[in-house]
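>>> What follows is a predicted structure for the sequence shown.
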Protein chains: 2
Amino acid sequence: MIDRDACRRLDDADALTDVRDRFTLPAGVIYLDGNSLGALPNHVPDRLQTVVTEEWGRDLIRSWNLHQWIDLPQRVGDRIGGLIGASQGTVVACDSTTVNLFKVVSAALRLTDRKVVLSDSGNFPTDLYAMAGIGELRVVEPDAVIDSIDTDVGVVALTHVGYATGRMHDMAAVTSAAHAAGALVVWDLAHSVGAMEVEVGAADFAVGCGYKYLNGGPGAPAFLYIREDHQAAFRNPINGWFGHAAPFDFDLEFTPADGIARALVGTPHVLSLVALDAALDVFDGVDLRAVRARSVSLTETFIDLVEAADLPLRLVSPHTRSERGSQVCLAHPDGYAIVQALIERGVIGDFRAPDIVRFGFAPLYVRHVDVYDAVEILTDVILSGSYRDDRFQRRSSVT
Amino acid sequence: MIDRDACRRLDDADALTDVRDRFTLPAGVIYLDGNSLGALPNHVPDRLQTVVTEEWGRDLIRSWNLHQWIDLPQRVGDRIGGLIGASQGTVVACDSTTVNLFKVVSAALRLTDRKVVLSDSGNFPTDLYAMAGIGELRVVEPDAVIDSIDTDVGVVALTHVGYATGRMHDMAAVTSAAHAAGALVVWDLAHSVGAMEVEVGAADFAVGCGYKYLNGGPGAPAFLYIREDHQAAFRNPINGWFGHAAPFDFDLEFTPADGIARALVGTPHVLSLVALDAALDVFDGVDLRAVRARSVSLTETFIDLVEAADLPLRLVSPHTRSERGSQVCLAHPDGYAIVQALIERGVIGDFRAPDIVRFGFAPLYVRHVDVYDAVEILTDVILSGSYRDDRFQRRSSVT
């Protein structure tokens, strides 16, 4: 079994090791929750301060043009597009993931005469909530998706990597099966973008989150992708002035902008968008294949060490690397208390109801030595039974 | 006619004079565009820096509970509620004004069996765009609204103060007429909240903007009001996890939260929300009736001085103070160039197509001496014809 020195050697040999220095990480913490809230990139605070004091405070309204706030959604979108294999002019950063999903699934359904939206029970619930309000939602088990695409299904809408299991869909295979059956495909890339190379490929639409592996800060704006040939027919269910062809003409009638801008609605949240824009700098010069390789190595090392420790935990995530995202989920009846006990020991993962202890391995800043240390502490917490202490027990439903 | 010394005396005697010191304003600028982007409150930069470096950077995911990010939308909403006469638990801060309008107008239409949404041609176009996608939108002249509320009208949705004219509706009168005719009322308070005492009163729903007179920063989250007795029946057209009764139970089925939280959708934009929260501190101890009194005095002084200067400008805003918000709009065929020439001279107003020169008087930081100086410069720009210079002419549709 791998030891701590071997972990250190793996880290030292890794091309991405220096990338960790682009983040500000608190001392004494092993942060395995970057899939919930990404860590702080070093230069975000300065960039935000400049925007606030110089752009907002000094240049005031003129900054919309002077500092190009006006096309921030497109510029940040294009940068994210580079991480998902999307061409320029097909991605915007705006609103929340849920609002963006509402937009694209509504628009997708209008492009077909079928009624059913097919999703799976591994999807993040908010996606299901948004879609249940739009079409006739059919929810199947993740493994049953491809076989369930019948001629009633107009839109297949899935999250690439499941939030609760780390299970990863084969995007190309599902997209291809859906197209073969005459359905459109919407991917939610929340748990994959920034943690691996993602290729939207032939997918029709996609959305994703700015605050997980993109490190855009709490509640960062989300993004939205429309394949170029769908843009002319894309009809946003929420029309607003930033989606208008000429917002500053103040026409009373809505005329959608050409291209991706028609997916925008209201005034962009500039401060949050600027933080996300600055955060994306950490990807400069980073090879996403190396990111995925490191991610696989981290999750595999973690699984190997946990299995070797023979703890009373059930692996919920796929054992097969090609089916696993950048997280490992373990089930335990006292999962909530275990997460709390780990946090007190400096290992931050998170709990997902009903019994899942979830560890995310953000490959830009998590090291193999962190994995090693985390498993040592996890082993101690479980074998010592320290998690049974009263102060770790669940009191509220907000975790 | 009032002279500069008299203006200074008015400022010195005003209880709100010290409130100006709560803002960071650039030297050499007379800022008459706070109705487009409010000025920077002094302590926003520090507050934002703390949130970024300590809450996000150091405490990471724990901040959702530790620093109460989790209920920021409600806490900021309650503070805004205090500015519009709304009771606690009836306002949330979230999303953009347009998205919020989409939510409340969709929800309002579901509460009636009528089909028509009535609005007016003085409404901000984005409001009309959003509503045209929902119901059968009927747009009439502002003066014709009350007489147009027939039995087909389910929802009357208006902006309290018109963006292009400063014309102010009588909220209580319109609300009362709508209710008498069996219609519900939605108010957009974008151009009034923070500039005067606003009373939602019997209104059913309201929305408003965070970045104008609330000074929340560029693209600050907007807000949304639901009268308490409508909350149980309120059905959000965009369901998301922050509107769920138990977001962290991760149920696959949507159960709306009790109360105002059901109007939320996705993860709150924390950085933008925190800036708005900090910005609201400038209202501490401020009497909104004094704010309105100062606003009226500023706009009236401006109109008097412009009329005395006998310039070739047409007053577009109402002359009657009770019908006017906190802005004054003047029409001129070369309005665009005049605005550019004024900006070069340090007087920042803005242009609204086709020919409107718009001056906003944010009563918390604009002084009577600013009004006096602005009119002197406006007079000089127009009488000298300096605005005719080529560099001030319109080149693009984005201003």
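Received, thanks.
>>> now the strands for the stretch 51-200 of chain A?
With DSSP state E, counting those that start in this stretch as the definition, the stretch 51-200 of chain A shows strands at residue ranges A:91-94, A:116-120, A:136-140, A:153-159, A:184-188.
>>> in its sheet, what does the first one sit against?
Here the strand partners of strand A:91-94, with direction, are listed using DSSP bridges: strand A:222-226 (antiparallel).
>>> who touches the strand it pairs with?
The set of residues external to strand A:222-226 that reach it, using Cβ atoms under 8 Å, 6 or more residues apart in numbering or on different chains, is A:76-77, A:80-81, A:84, A:86, A:90-97, A:99-100, A:103-104, A:200, A:203-210, A:234, A:260, A:263, B:266. Where C-beta positions appear, they are placed from N, C-alpha and C, glycine not excepted.
>>> Report the buried residues of it.
A:Ala222, A:Phe223, A:Leu224, A:Tyr225, A:Ile226 (16 or more other Cβ atoms under 10 Å in any protein chain shown).
>>> What is the nearest of those to A:Leu214?
A:Phe223 (8.4 Å; Cβ to Cβ).
>>> Up against chain B, what does the stretch 51-200 of chain A have?
Selection of the stretch 51-200 of chain A residues close to chain B by Cβ under 8 Å from any Cβ of the partner chain yields A:52-53, A:55-65, A:69-70, A:95-99, A:102, A:121, A:124-126, A:128-130, A:132-133, A:139, A:164.
>>> Now a ChimeraX select for only the buried ones of these.
Remark: buried members of these, expressed as a ChimeraX selection using 16+ other Cβ under 10 Å:
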select /A:52,55,56,57,58,59,60,61,62,63,64,69,70,95,96,97,98,99,102,124,125,126,128,129,130,132,133,139,164
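>>> which phi and psi does the closest residue to chain B within the stretch 1-150 of chain A have?
Residue nearest to chain B within the stretch 1-150 of chain A: A:Ser96 (2.7 Å; Cβ to the nearest Cβ). Note on A:Ser96: backbone dihedrals following degrees, to the nearest 10 are phi -100, psi 160.
>>> Equivalent analysis for A:Phe205, please.
Backbone phi and psi, for A:Phe205 under degrees, to the nearest 10, turn out to be phi -140, psi 160.
>>> and what of A:Ile348?
Main-chain torsions, A:Ile348, degrees, to the nearest 10: phi -100, psi 110.
>>> how far away is it from A:Leu66?
40 Å (Cβ to Cβ, to the nearest Å).
>>> before we move on, what about A:Gln393?
54 Å.
>>> What is the burial count for the residue of the stretch 201-350 of chain A found nearest chain B?
Residue of the stretch 201-350 of chain A nearest chain B, by Cβ to the nearest Cβ: A:Gly266 (2.7 Å). By other Cβ atoms under 10 Å in any protein chain shown, 25 other residues sit near A:Gly266.
>>> tell me the pLDDT at it?
What the model reports for A:Gly266 is a pLDDT of 98.
>>> List the contacts of it.
Listed by Cβ under 8 Å, 6+ apart, the contact set of A:Gly266 reads A:Gly240, A:Trp241, A:Phe242, B:Asp95, B:Ser96, B:Thr97, B:Thr98, B:Val99, B:Thr126, B:Ala222.
>>> Got the confidence number for the residue nearest to it when sequence neighbours are not counted?
Spatial nearest neighbour of A:Gly266, excluding adjacent residues (Cβ to Cβ, 6 or more residues apart in numbering or on different chains): B:Ser96 at 2.7 Å. As predicted, B:Ser96 sits at a pLDDT of 98.
>>> Enumerate every residue touching the residue nearest to A:Pro354 when sequence neighbours are not counted.
Setting aside the residues directly before and after it, A:Pro354 is nearest to A:Gly335 in space (Cβ to Cβ, 6+ apart), at 7.9 Å. When contacts are counted by Cβ under 8 Å, 6+ apart, A:Gly335 touches A:Phe351, A:Pro354, A:Asp355, A:Ile356, A:Val357.
>>> Lowest pLDDT pick from the residues you listed?
Among the contacts of A:Gly335, A:Pro354 carries the weakest pLDDT, at 90.
>>> Tell me how many other residues surround that residue.
Applying other Cβ under 10 Å, we find 12 residues neighbouring A:Pro354.
>>> how near is A:Asp188 to A:Tyr372?
For A:Asp188 relative to A:Tyr372 (Cβ to Cβ), the value is 32 Å.
>>> Kindly report the same for A:Ala183.
In this view, A:Ala183 and A:Tyr372 are 45 Å apart by Cβ to Cβ.
>>> Average pLDDT for stretch A:176-185, rounded please.
On average, stretch A:176-185 scores 98.
>>> Give me the buried positions along that stretch.
Those would be A:Ala177, A:Ala178, A:His179, A:Ala183, A:Leu184, A:Val185, for stretch A:176-185 by 16+ other Cβ under 10 Å.
>>> got it, and stretch A:143-159?
Within stretch A:143-159, the residues scored as buried using 16+ other Cβ under 10 Å are A:Val145, A:Ile146, A:Ser148, A:Ile149, A:Val153, A:Gly154, A:Val155, A:Val156, A:Ala157, A:Leu158, A:Thr159.
>>> swap in stretch A:28-35?
Neighbour-count burial for stretch A:28-35 flags A:Val29, A:Ile30, A:Tyr31, A:Leu32, A:Asp33, A:Gly34, A:Asn35 (criterion: 16+ other Cβ under 10 Å).
>>> picking that back up, mind pulling up the phi and psi values for the residue of the stretch 201-350 of chain A closest to chain B?
phi -100, psi -170.
>>> Distance of it relative to A:Ala108?
22 Å.
>>> distance between stretch A:41-56 and the chain's centre?
Relative to its parent chain, stretch A:41-56 has a centroid offset of 24 Å by Cα atoms, centre = their mean, to the nearest Å.
>>> Start and end of that stretch, how far apart?
Using Cα to Cα, to the nearest Å, the end-to-end distance of stretch A:41-56 comes to 22 Å.
>>> and A:Leu383, what is it in contact with?
A:Leu311.
>>> Low-confidence bits of chain A, can you list those?
Applying pLDDT under 70 to chain A flags residues A:396-399.
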